[in-house]
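Enquirer: Sequence and predicted model, in that order:
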Amino acid sequence: MDKCWFVLRQTHYPAPKYTDRNMAYGEAKGPLRLGHLIPGPKAVDEVINSDAITPFPSNMHIFSTTTVNFWLSNKTEKETEAAAQGEIPIAAAAGVTVKVEAGVVFRKMMGDTWAIDRLETQIVQPTLTYLDACRKSAQVAAWIDKNKTFGSWKVYMISGLMIARGAKSERTKTSTSGAHGGAGGVGFTANIAIETSGQHADDFVWAIRLTEVSKGPFHSDLSRKPVMRGAVFAPGVNKVDVNAVFAEEGLDGDDVHVTEMFDGDKQQFLVTMDGY
């Protein structure tokens, strides 16, 4: 998942404030920070090591880059149609009905548009030695002991943050439902539309990058699982089959929306999930 950035649906996580201007050892204050461990991509509010993050060793540097005048629109539209046999009365002949094929259509459009003055990216590459130290900390060890299955467990470390500075947003959610009958085109349509917009005065965490950390039942060593060459890659030149990756993680479905983007020649994905 190192190529994927999960865009948060909420904007109430303030940017972390680092003790050192060079972000040394990752020491900072904030509700969402590099080094936090969570149970899964949809459980960002359930930080496992909320009491304290194991300090980063000297060989684990935080790298920071900034993009200016960032703009993104990821509106998507999905449609579902169902059909069934139904009985529709014929007005010209009282008491007479005919069986026809009736259809119901559900259409949903949702998405966000973002304009961000400065989008700062902070990333760290956790080492296996560091992850092993995290595993032995009191809070993490207690969580693993409670949630492991036959000795195996899996958590996700926040290894990247995108900080929005000076952001404007628009959010659209439209639902349309309608019915039509085969005889005479009898039907109805209902529309529900919600649009919100605003300018964000404070800096906030806009997106996170996750590194999966796990241990199998027959292995004592930890495993990291970034998206890399292998079965998850689609045919082509270093392209990730992101749908296969998400299906493997149990994240496939209509509530997952993926936007592909490139940072130079590096393929990356912005992921939004309903209710995330």
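Expert: Done, it's in.
Enquirer: Give the buried residues for stretch 46-58.
Expert: For stretch 46-58, burial by neighbour count (16 or more other C-beta atoms under 10 Å) applies to 47-49, 53-54, 56. The C-beta positions use only the backbone N, C-alpha and C, and glycine is treated the same way.
Enquirer: got the residues you listed as CSV, with distance to residue 271, secondary structure and pLDDT columns?
Expert: Formatted as CSV, the buried residues of stretch 46-58 follow (distance: C-beta to C-beta, whole Å; DSSP: H, G, I helix; E, B strand; the rest coil; pLDDT from 0 to 100):
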residue, distance to residue 271, secondary structure, pLDDT
47, 19, coil, 96
48, 21, coil, 97
49, 23, coil, 95
53, 24, coil, 94
54, 27, coil, 94
56, 26, coil, 95
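Enquirer: For residue 35, state which of the residues you listed is nearest.
Expert: Closest to residue 35 out of the buried residues of stretch 46-58 is residue 53 (4.1 Å), distances taken as C-beta to C-beta.
Enquirer: Tell me how many other residues crowd the closest residue to that closest one other than its chain neighbours.
Expert: Nearest residue to residue 53 in three dimensions, chain neighbours excluded: residue 35, at 4.1 Å (C-beta to C-beta, 6 or more residues apart in numbering). Neighbour count for residue 35, taken as other C-beta atoms under 10 Å: 23.
Enquirer: tell me the secondary structure for residue 35?
Expert: Under DSSP: H, G, I helix; E, B strand; the rest coil, residue 35 falls in the coil class.
Enquirer: Would you enumerate the residues in contact with it?
Expert: Neighbour list for residue 35: 26, 49, 53-54, 56, 124, 126, 134, 157-158 [criterion: C-beta atoms under 8 Å, 6 or more residues apart in numbering].
Enquirer: Distance to residue 214 for the buried residues of stretch 46-58 - can I get that in CSV?
Expert: Output for the buried residues of stretch 46-58, formatted as CSV (distance: C-beta to C-beta, whole Å):
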residue, distance to residue 214
47, 18
48, 14
49, 16
53, 19
54, 18
56, 21
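Enquirer: Quickly list what residue 171 is bridged to.
Expert: As for beta bridges, residue 171 partners with residue 112, residue 196 under DSSP bridges.
Enquirer: And it, how close does it get to residue 116?
Expert: 15 Å (C-beta to C-beta, to the nearest Å).
Enquirer: With neighbour numbers in mind, choose between the two.
Expert: Neighbour comparison, residue 171 and residue 116: the larger count goes to residue 116, with 22 against 16 (by other C-beta under 10 Å).
Enquirer: Give the next helix or strand downstream of the helix or strand encompassing the more buried one.
Expert: Residue 116 belongs to strand 97-123 when elements are defined using DSSP states H and E. Next helix or strand after strand 97-123 toward the C-terminus (DSSP H and E): helix 128-135.
Enquirer: pLDDT (mean, whole number) over that next one?
Expert: Averaged over helix 128-135, pLDDT sits at 94.
Enquirer: With stretch 149-158 instead?
Expert: Rounded mean pLDDT across stretch 149-158 is 91.
Enquirer: before we move on, what about stretch 59-68?
Expert: Averaging pLDDT along stretch 59-68 gives 92.
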